[in-house]
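Q: All I have is the shape, not the residue letters:
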C-alpha cells in the first residue's frame, strides 16, 4: 500500500475493513422516549463545558430505538442531553450515551465525539406503557415509563425542536496520552419527517453505578414525557470551539 493510497483511503479504522461506512446517515422509523426532568443546578454547572452555558436546571433522558439506520443496522441508545446556549444559540449538550452496537459507537466517538459507551438500552411497549430501560454490566441504571399515546402533539413544533443544534465535547488523545483534539462539535439533524408525536404521564428512576452514573444528575421532578416516531438524517458536524488552538 502506497502513501497516496493510505491518504486516499484513511477514513476509519481499521483501514482494511472500516468499522462504519462514510456518512451522512439516514434513519427510518427512529423512535424516542424523552423524559425531561428538573435536577440540581450546581451539579449541572460542574459538568457543562465552557463556553456552553446552562439555560435552566433541566435534563432530557432519552431512550431511542433505531430499527433501520445506514450502515449501522438495528440498535438502541440511551443517554442524557442538557439544554444549553452557545453565543446565544439554544441547543443541547450531549452528556452521556449508552449503545448496544459497535459500529455506531465507533462512528459516533471518532467522527463527532459522541460520549458513547457500551450498554444495554431498550425501548418497547408493555401493555399500556411505553417503557425504556438501560442496563450496564447486568445492572439496571435507568427505567423510564410513559402512558402510551395519551395526547397527540403538534408535529411542526416537534420537528422544530428536533432540528435545534446539538453540542459534543470531542477528545482524541495523542500517542503520549495528552489531548491531540479537544473541541466542541456542533451538528443539527436534517430532512426530518415526524410520523407521530405524543405525550403522556411519565416517570423516571435512576440508580447509581460507578461506570454509568446517570444518577449523578438526580431526578427532582419529572416535567414531561414525549414519544416521537420520525425519519431523519444525521449529517457530519462542524467545529464550534477549539480548546487547543496553539497546539495545531
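A: Cool, got the structure. Every value quoted in this text rests on a predicted model; they were computed, and no experiment measured them.
Q: what about whichever helix or strand residue 134 is part of, average pLDDT?
A: Element membership for residue 134, per DSSP states H and E: strand 129-136. Confidence for strand 129-136, expressed as mean pLDDT, is 98.
Q: List the pairing partners of it within its sheet, with orientation.
A: Applying DSSP bridges to the sheet, strand 129-136 is found paired with strand 120-126 (antiparallel), strand 139-147 (antiparallel).
Q: residues in contact with the shortest one?
A: Translated: strand 120-126. 31, 33, 63-65, 76-78, 98-100, 130-136, 148 (C-beta atoms under 8 Å, 6 or more residues apart in numbering). For every residue, glycine as well, the C-beta is placed using N, CA and C.
Q: and residue 95, what does it touch?
A: Contact analysis of residue 95 by C-beta under 8 Å, 6+ apart lists 47, 59, 79-82, 115, 217.
Q: Residue 31 now?
A: Residue 31 makes contacts with 64-67, 123, 227-229, as judged by C-beta under 8 Å, 6+ apart.
Q: low-confidence ranges in this protein?
A: The chain contains residues with pLDDT under 70 at 247-248.
Q: Show me which of the contacts of residue 31 is closest to residue 235.
A: If you rank these by distance to residue 235 using C-beta to C-beta, residue 66 comes first, at 16.1 Å.
Q: Residue 125 - how many residues pack around it?
A: 12 (other C-beta atoms under 10 Å).
Q: And for residue 230?
A: 21.
Q: okay, the strands paired with strand 129-136 in CSV with distance to residue 53 next?
A: Shown next, in CSV, are these (distance: least, C-beta to C-beta, whole Å):
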stretch, distance to residue 53
strand 120-126, 29
strand 139-147, 26
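Q: ok, residue 30 touching residue 63?
A: No. Applying C-beta atoms under 8 Å as the test, residue 30 and residue 63 come out as separate, 11.7 Å apart.
Q: out of those two, which sits in the more crowded spot?
A: Per other C-beta under 10 Å, whichever of residue 30 and residue 63 has more neighbours is residue 63, with 27 against 23.
Q: element containing the more buried one, please.
A: Going by DSSP H and E, residue 63 is in strand 58-69.
Q: Parallel or antiparallel, list what pairs with the helix or strand following that strand.
A: Later in the chain than strand 58-69, the nearest helix or strand by DSSP H and E is strand 73-86. Neighbouring strands of strand 73-86 in its sheet, by DSSP bridges, are strand 53-54 (antiparallel), strand 58-69 (antiparallel), strand 89-99 (antiparallel).
Q: which residues sit against the shortest one?
A: In other words, strand 53-54. So strand 53-54 is in contact with 41, 44-45, 48, 82-86, going by C-beta under 8 Å, 6+ apart.
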